[in-house]
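Engineer: Generate coordinates for the sequence data below:
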Amino acid sequence: MKSFFPGFLLLVFLVIVPFQPVLAVDIDLPGESALLLCGETGQILYEKDPHMIVEPASITKIMSMILVQEAIERGEVSMDDMVTVSRYAQSMGGSQIYLHAGEQVSVRDLMLAVAISSGNDATVALAEHVAGSEDAFVRLMNRRAQELGMENTVFSNSTGLPPEHGEHHTTAYDIGLMSLEFIQHPELLEKTKIWLDYLDLPGRQAMLVNFNRLVRFYPGVDGIKTGHTTTAGYCIAATAERDDRRFIAVIMKMESEDERMEATRQFLDFAFRAYIREMVVKEGEKVRKLEIPTARHPEVEVFAGTTLAPYIRRGGEPVTKEIEIDEELEAPLKAGQVVGTIRAYQKEMFLGEIDIVVKEDTPRAGFLSILWRRFVNFLMNLLAPR
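Structural biologist: Have a look, this model is predicted:
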């Protein structure tokens with residue numbers, strides 16, 4: 001195995017924690033492409049042709065909601081902003097809340113309409129408010145997709161409606177990346193977990209019902225998005241949290257809404273039944289003591305920079321923990337400086353890694369101290385038995 005840093009010393013420790021390889025699973029999902037992720041780490045637990053090019057339908061709106069939320073967090077948009085609905089937004093077909101051109105609706109209400117009932121008209125109204133036009137917003141969507149590593153994704157609109165021109169496609173893997181970003185925004189999950197709500201619009205009331213029936217019928221589900229068109233089939237990106245464990249399930253191209261709901265339920269059942277989160281190393285845990293001759297105090301303790309707690313398959317194989325430390329470290333060292341890494345594996349399968357860091361500033365020793373230590377080491381080597 002290649003070292004993380006040149007000249008690193010590799011130490012391997014065996015940690016007895018159960019795991020099973022990612023594809024050795026006892027489920028057979030419908031749909032043509034699927035992915036199961038842990039929400040905390042992004043670790044892939046199951047995959048079925050995850051890089052197959054598919055149409056995302058309304059799952060597209062995950063990215064639209066991310067961009068609006070990020071604009072809100074940057075202070076560029078406010079939840080209280082009143083959005084004037086355009087004729088273009090009004091013209092959207094498919095799922096909608098029947099907005100009328102010229103009426104004003106708050107960003108807060110439009111976000112609820114997108115998150116709960118997948119309103120295409122509400123999505124376009126938000127896109128125009130954030131970027132000036134849907135085309136400009138779509139450019140932001142594609143840029144953000146590239147930033148997230150979604151290499152096989154191209155958006156041509158903000159809604160997921162079949163495009164009149166251009167390409168609009170993604171993969172289950174890319175949807176997984178997008179979903180991992182979505183769950184970093186708790187405010188979005190607070191909206192996507194709502195089963196039923198009402199909006200007071202100018203002159204009328206709109207009822208919002210969530211197309212993701214799992215938010216009502218499956219404990220712990222709080223998002224994210226369903227999708228359906230004739231060519232995309234029935235698809236879903238769902239997330240659920242129970243007992244401090246969060247999973248993300250993506251299933252694409254199913255044949256019916258009932259199949260979508262049942263397959264996702266089985267997928268999540270499998271995740272909660274089969275996987276536990278195992279503590280390998282805690283943040284701040286002492287890793288080892290290093291000898292750094294150029295430091296004022298030559299014995300320097302180093303620590304785990306964050307927690308390493310991958311998801312482990314119940315009743316599986318042992319996991320190895322590999323620690324790599326830079327052998328060529330020289331003082332001074334700064335607090336928080338990375339000096340190595342810890343990786344967890346099951347056989348050859350990578351489970352995750354964290355940095356090893358110095359906790360406190362480590363000043364350099366004076367010239368005479370370093371010279372004296374080198375002289376002592378020289379004498380000890382000279383007098384050592386041969």
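
Engineer: quick one: low-confidence ranges for the stretch 1-150 of the chain?
Structural biologist: Within the stretch 1-150 of the chain, the stretches with pLDDT under 70 are 1-26.

Engineer: Mind listing residues that contact the host helix or strand of His228?
Structural biologist: Counting by DSSP states H and E, the element that carries His228 is strand 221-229. Under the contact criterion CB atoms under 8 Å, 6 or more residues apart in numbering, strand 221-229 has outside partners 55-62, 118, 160-162, 179, 182-183, 188-190, 192-193, 211-212, 214-215, 234-241, 248, 257, 260, 268. Placement of C-beta: from N, CA and C, glycine included.

Engineer: can you give me the helices in the stretch 1-150 of the chain?
Structural biologist: 61-73, 87-90, 107-117, 120-131, 134-147 (DSSP state H, counting those that start in this stretch).

Engineer: Return the subset of the contacts of strand 221-229 lying in helices.
Structural biologist: With helices taken from DSSP state H, the overlap with the contacts of strand 221-229 comprises 61-62, 179, 182, 188-190, 192, 214-215, 257, 260, 268.

Engineer: As TSV, these with neighbour count and distance to Ala136 would be great.
Structural biologist: Supplementary listing: the ones in helices among the contacts of strand 221-229 in TSV, determined by neighbours: other CB atoms under 10 Å; distance: CB to CB, whole Å:
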residue	neighbour count	distance to Ala136
Lys61	28	17
Ile62	25	19
Ser179	25	24
Phe182	24	22
Leu188	23	22
Leu189	18	27
Glu190	12	28
Thr192	25	25
Leu214	24	34
Val215	21	32
Glu257	14	34
Arg260	27	33
Leu268	23	37
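
Engineer: hmm, which two among those residues are most spread apart?
Structural biologist: Spatial extent of those (CB to CB) is set by the pair Glu190 and Glu257 at 24.7 Å.

Engineer: Report the contact partners of the nearest residue to Glu187 once chain neighbours are set aside.
Structural biologist: Distances taken as CB to CB, 6 or more residues apart in numbering put Gln69 closest to Glu187, at 6.4 Å, once the chain neighbours are dropped. Taking CB under 8 Å, 6+ apart, we find Gln69 in contact with 111, 185, 187-188.

Engineer: any idea how far Gln69 lies from Arg296?
Structural biologist: Plainly put, Gln69 is 48 Å away from Arg296 if you go by CB to CB, to the nearest Å.

Engineer: now do Phe182
Structural biologist: Applying CB to CB, the value for Phe182 to Arg296 is 47 Å.

Engineer: ditto for Ala122
Structural biologist: Counting by CB to CB, the separation of Ala122 from Arg296 is 62 Å.

Engineer: And these two? Which one has more around it.
Structural biologist: Ala122 (34 against 15; other CB atoms under 10 Å).

Engineer: Grab the nearest non-local neighbour of the more buried one.
Structural biologist: The shortest distance from Ala122 to any non-neighbouring residue, by CB to CB, 6+ apart, is to Ala113 (3.8 Å).

Engineer: show me what contacts the one you found?
Structural biologist: Going by CB under 8 Å, 6+ apart, Ala113 touches 97, 119, 122, 199, 206, 208.

Engineer: which one among those residues gets closest to Gly305?
Structural biologist: Checking these against Gly305 by CB to CB gives Ala122 as the nearest, at 41.9 Å.

Engineer: so that closest one makes contact with Gln96?
Structural biologist: Yes. Taking contacts as CB atoms under 8 Å, Ala122 lies within contact range of Gln96: 7.5 Å.

Engineer: tell me the secondary structure for Lys253?
Structural biologist: Under DSSP: H, G, I helix; E, B strand; the rest coil, Lys253 falls in the strand class.
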